[in-house]
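> Give me coordinates for this.
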Amino acid sequence: MSPGSRTGTTSPATTDRPDDKVSAGHPAYCVNIKGNRKLNHAMHMVAITQIRNRRSPGRARYDRKLTETKTPNEALRALKRRISDVTYRQLRLDAELQAGPGGQTVTTLQSSVTAPTLTTGSSDKPQPGPEPEPRPLAPTS
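Residues are numbered from 1 along each chain as shown. Next up, the predicted model:
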């Protein structure tokens, strides 16, 4: 047997991949919880909203994954992955549409190098005026 094979005499520490664990014969994949937490939360809320709406394409995908003998968590994970793929593809398309001549994102046809730069010196700025004197309060009876 080759070293590192799962059926050999090597230790389990050298054969198990770091991204899976086996419990009762079922692989339990470790999910990476790092990354942009706000973005992950937004993707989760989109997925949950789509699952709640029975006529959404997200619900259809979720149900299809459940019929493929996926667990509810695995089906939710697959839906989130699909949502993130669609979102990323749309961001890329939007970035391509914004790109100007030469591929730069903020390219204008006029050059700003020859435009005059207006600066204000410290002596040209108005100074604040004196604060008004506080008026005494009227006596209350």
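> pLDDT (mean, whole number) over stretch 51-71?
When pLDDT is averaged along stretch 51-71, the result is 94.
> And for stretch 94-106?
72.
> Can you name the element that comes right after the helix or strand harbouring Arg61?
Per DSSP states H and E: Arg61 is located in helix 57-67. Next helix or strand after helix 57-67 toward the C-terminus (DSSP H and E): helix 72-98.
> which helices and strands sit right next to that next one?
Counting by 3 or more C-beta pairs under 8 Å, 6 or more residues apart in numbering; DSSP states H and E, the packing neighbours recorded for helix 72-98 are helix 37-52, helix 57-67. To be clear about C-beta, it is placed using only N, CA and C from the backbone, and glycine gets the same treatment.
> And those helices: which comes nearest Asp85?
Proximity to Asp85 (C-beta to C-beta) singles out helix 37-52 among these, at 10.7 Å.
> What lies in contact with the closest one?
In this structure, residues lying in contact with helix 37-52 by C-beta atoms under 8 Å, 6 or more residues apart in numbering are Ser56, Pro57, Gly58, Arg59, Tyr62, Leu76, Leu79, Lys80, Ile83, Ser84, Thr87.
> Any buried residues in that helix, and which?
For helix 37-52, burial by neighbour count (16 or more other C-beta atoms under 10 Å) applies to Met43, Val46, Ala47, Gln50, Ile51.
> Name the nearest of those residues relative to Thr140.
Closest to Thr140, out of all of the buried residues of helix 37-52 and judged by C-beta to C-beta, is Val46, at 59.3 Å.
> Against Glu133, how distant is that closest one?
59 Å (C-beta to C-beta, to the nearest Å).
> Then Arg89?
From Arg89 to Glu133 the distance is 65 Å (C-beta to C-beta).
> which of these two has more neighbours?
Arg89 (10 against 6; other C-beta atoms under 10 Å).
> Quick check: the gap between the more buried one and Ala95.
For Arg89 relative to Ala95 (C-beta to C-beta), the value is 11 Å.
> what's the answer for Asn53, then?
Asn53 is 29 Å from Ala95, by C-beta to C-beta.
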